[in-house]
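Undergrad: requesting a structural model of the entry that follows:
(chains A and B)
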There are 2 protein chains.
Amino acid sequence: MEHAIKEGVMKLLEEGVPLAELSIERVARTAGVGKATIYRRWSGKEELFVDVVRAAEPPDPQLPGTGMRDDLVALLEAMRRRGLASRSSAILHNVYAQMKSSPRIWSAYHASVIAPRRDLTMKVLRRARENGELPSDVDLELVFDLFTGPMLVRAVMRPDADLPEDLAERIVDTVLAGLRPVSPPAAQR
Amino acid sequence: MEHAIKEGVMKLLEEGVPLAELSIERVARTAGVGKATIYRRWSGKEELFVDVVRAAEPPDPQLPGTGMRDDLVALLEAMRRRGLASRSSAILHNVYAQMKSSPRIWSAYHASVIAPRRDLTMKVLRRARENGELPSDVDLELVFDLFTGPMLVRAVMRPDADLPEDLAERIVDTVLAGLRPVSPPAAQR
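TA: Okay, here's the model as predicted:
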């Protein structure tokens, strides 16, 4: 039943129905169920819609748990895959764009999808600071942005940017190692 | 004369006129000049509008030229200031949002404002790789995103994120130094 309802929303989106016109009534009619059936599962259009987007996105990653480096690579790799998905799926692309111009749906998506992802990453970083994988005096908010910012920019802000397979590993390993040259710069020799 | 025309556009924007309704004719009427006067200076609405946004933004930075680190701090500090400006100026904020939903204006802004900024940063990085301030085998596109991504995310994508005064320095210095702890992690002792 849930599946048929989500399929109904996808069908309407594929037909190009704008988010603003996608009412619970219309979804019910398309899915061949009563409005009450939908409201038993979702409190409103926003929640239903966020669930549909989630189902269309690549699944959230399983963290290997072998240490900060590998967990971060898995988290960034998931961001890369979502970026690839929104490029290859016209619907997902269209849905993200519409979502950002609808503050209520965006805030539902943020609360139920984006915020938990951020919390999970912060948990990985906090644990790493505690067990000595990160310097003990490090600002975790800054570290979060140093790792995720470069991937977010490539995956979301610049839709034509390269997303090579090893990008997650390269970002994580370069930020960990730093960018100092092996020998001192010419100017200081 | 140029100034009066730009002021005219600002006045219309302050009155809440949406970008789509902001015609050259209307600007001419508001500024008290003929349409031909505007077309002598700007080839169209897009170019005029981009110039108005530019005049409202904080000026692009002068690079100190004392080395990659200081040049990068200046470039990131300018991004931080633009982020602060778009938060404190309701007009600028509104204009950025409208610009992004108008592909023609966004592409004019991108070509005449964003692309040159990126070119300047890439030039700083290329020079640094040549003179040994960066490892010689480094991927400059990746390095660009490692430095600018974290600032871009804070300044543009998360309008409620903290933009402290020392953020540019902290991003640049942390990416250069890396995030390895001073002593080896507990797990490896």
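Undergrad: name the helices or strands packed onto the lowest-mean-pLDDT helix or strand in chain A?
TA: The helix or strand of chain A with the lowest confidence, counting by mean pLDDT, DSSP states H and E, is helix A:90-100 at a mean of 81. Where contact means 3 or more C-beta pairs under 8 Å, 6 or more residues apart in numbering or on different chains; DSSP states H and E, helix A:90-100 is packed against helix A:2-14, helix A:45-56, helix A:68-88, helix A:103-109. From N, CA and C alone the C-beta is placed, and that goes for glycine too.
Undergrad: what residues sit buried inside it?
TA: A:92, A:94-96, A:98-99 (16 or more other C-beta atoms under 10 Å in any protein chain shown).
Undergrad: nearest to residue A:143 among these?
TA: residue A:96 (26.6 Å; C-beta to C-beta).
Undergrad: touching, that closest one and residue A:86? I think so.
TA: Yes - using C-beta atoms under 8 Å, residue A:96 is in contact with residue A:86, at 5.8 Å.
Undergrad: mind checking how far the residue positioned nearest the centre of chain A is from residue B:35?
TA: Centroid-nearest residue in chain A, with C-alpha atoms, centre = their mean: residue A:79, separated by 5.5 Å. Between residue A:79 and residue B:35 the computed distance is 48 Å (C-beta to C-beta, to the nearest Å).
Undergrad: which one is the residue of chain A found nearest chain B nearest to, not counting chain neighbours?
TA: Closest contact between chain A and chain B, by C-beta to the nearest C-beta, is at residue A:178 (2.5 Å). Using C-beta to C-beta, 6 or more residues apart in numbering or on different chains and skipping the chain neighbours, the partner closest in space to residue A:178 is residue B:178 (2.5 Å).
Undergrad: how is chain A divided into domains?
TA: Following automatic domain parsing, one finds the domains of chain A at A:2-54, A:58-177.
Undergrad: is the first one anywhere near chain B?
TA: No - when contact is scored as C-beta under 8 Å from any C-beta of the partner chain, no part of domain A:2-54 falls within range of chain B; the minimum is 13.9 Å.
Undergrad: residues touching the least confident helix or strand of chain A, excluding its own?
TA: Helix A:90-100 is contacted from outside by A:10, A:13-14, A:18-19, A:49, A:53, A:56-57, A:85-87, A:105-106, A:109, using C-beta atoms under 8 Å, 6 or more residues apart in numbering or on different chains.
Undergrad: cool, stretch A:80-89 as well?
TA: A:56-58, A:92-93, A:96, A:151, A:154-156, A:159, A:163, A:167-168.
Undergrad: which two among those are spaced furthest apart?
TA: Largest pairwise distance in the contacts of stretch A:80-89, by C-beta to C-beta, is 22.3 Å, between A:56 and A:167.
Undergrad: looking at these two, which is more packed in?
TA: Set residue A:56 next to residue A:167 and count neighbours by other C-beta atoms under 10 Å in any protein chain shown: residue A:167 wins out with 23 against 17.
Undergrad: surely the more buried one is in contact with residue A:161?
TA: No - using C-beta under 8 Å as the test, residue A:167 is too far from residue A:161 to be in contact (9.7 Å).
Undergrad: so where's chain A uncertain?
TA: A:182-189 (pLDDT under 70).
Undergrad: rerun at 50
TA: Low-confidence segments of chain A, defined by pLDDT under 50: A:188-189.
Undergrad: of the contacts of helix A:90-100 - the most surrounded one?
TA: residue A:49 (25 neighbours).
Undergrad: closest to residue B:131 out of the buried residues of helix A:90-100?
TA: Distance to residue B:131, by C-beta to C-beta, is smallest for residue A:96 among the buried residues of helix A:90-100, at 41.8 Å.
Undergrad: from residue A:113, how far off is the closest one?
TA: 11 Å.
Undergrad: what do you get for residue A:133?
TA: 27 Å.
Undergrad: now residue A:145
TA: Taking C-beta to C-beta, one finds residue A:145 at 19 Å from residue A:113.
Undergrad: can you check residue A:153 too?
TA: Counting by C-beta to C-beta, the gap between residue A:153 and residue A:113 amounts to 19 Å.
Undergrad: again with residue A:84
TA: Distance from residue A:84 to residue A:113, by C-beta to C-beta: 17 Å.
Undergrad: now do residue A:74
TA: From residue A:74 to residue A:113 the distance is 17 Å (C-beta to C-beta).
Undergrad: also residue A:130?
TA: 27 Å.
Undergrad: out of the two, which sits in the more crowded spot?
TA: Set residue A:130 next to residue A:113 and count neighbours by other C-beta under 10 Å: residue A:113 wins out with 15 against 11.
Undergrad: and the more buried one, what does it touch?
TA: A:50, A:53-54.
Undergrad: is it in a helix, a strand, or coil?
TA: helix (DSSP: H, G, I helix; E, B strand; the rest coil).
Undergrad: can you count the residues close to residue A:154?
TA: Residue A:154: 24 neighbours (other C-beta under 10 Å).
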